[in-house]
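In: Here you go, sequence then predicted model.
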Amino acid sequence: MDLEKETVRIFTGPAMIGQGLIARLNDLGISPIVKDDHQSGITGGFATGVPNQVRLFIRREELEKSKELIELYLKEVGEN
């Protein structure tokens, strides 16, 4: 499975805002994939990435269902 073909990135930014978006997506029954390069680097014994920044991905077929929610949430928190 090629992650780039099966998923779409919906957010890159502060982890705290990402957590709020995750909670709202979970209410729709969508469980995003969270990529935190900085935390992964620390776990692996080397530091890379930007601290407190995450990338969120969802399955491509879930995008239409969640697009309005994502846009509204990012507008509410001033991240649009």
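Out: Received, thanks.
In: Please enumerate the helices of the protein.
Out: Assigned by DSSP state H, the helices in the chain fall at 3-6, 15-27, 37-44, 63-76.
In: Just send those helices back as JSON lines, with distance to Phe57, mean pLDDT and mean neighbour count too.
Out: C-beta: built from backbone N, CA, C; applies to glycine. Shown next, in JSON lines, are those (distance: least, Cβ to Cβ, whole Å; pLDDT from 0 to 100; neighbours: other Cβ atoms under 10 Å):
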{"stretch": "helix 3-6", "distance to Phe57": "8", "mean pLDDT": "67", "mean neighbour count": "10"}
{"stretch": "helix 15-27", "distance to Phe57": "11", "mean pLDDT": "95", "mean neighbour count": "15"}
{"stretch": "helix 37-44", "distance to Phe57": "13", "mean pLDDT": "48", "mean neighbour count": "13"}
{"stretch": "helix 63-76", "distance to Phe57": "10", "mean pLDDT": "95", "mean neighbour count": "14"}
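In: Now do the contacts for the residue nearest the centre of the chain.
Out: The C-alpha lying nearest the average C-alpha coordinate of the chain belongs to Leu56 (Cα atoms, centre = their mean; 1.6 Å). Going by Cβ atoms under 8 Å, 6 or more residues apart in numbering, Leu56 touches Arg9, Ile10, Phe11, Thr12, Gly18, Leu21, Ile22, Pro32, Ile33, Val34, Lys35.
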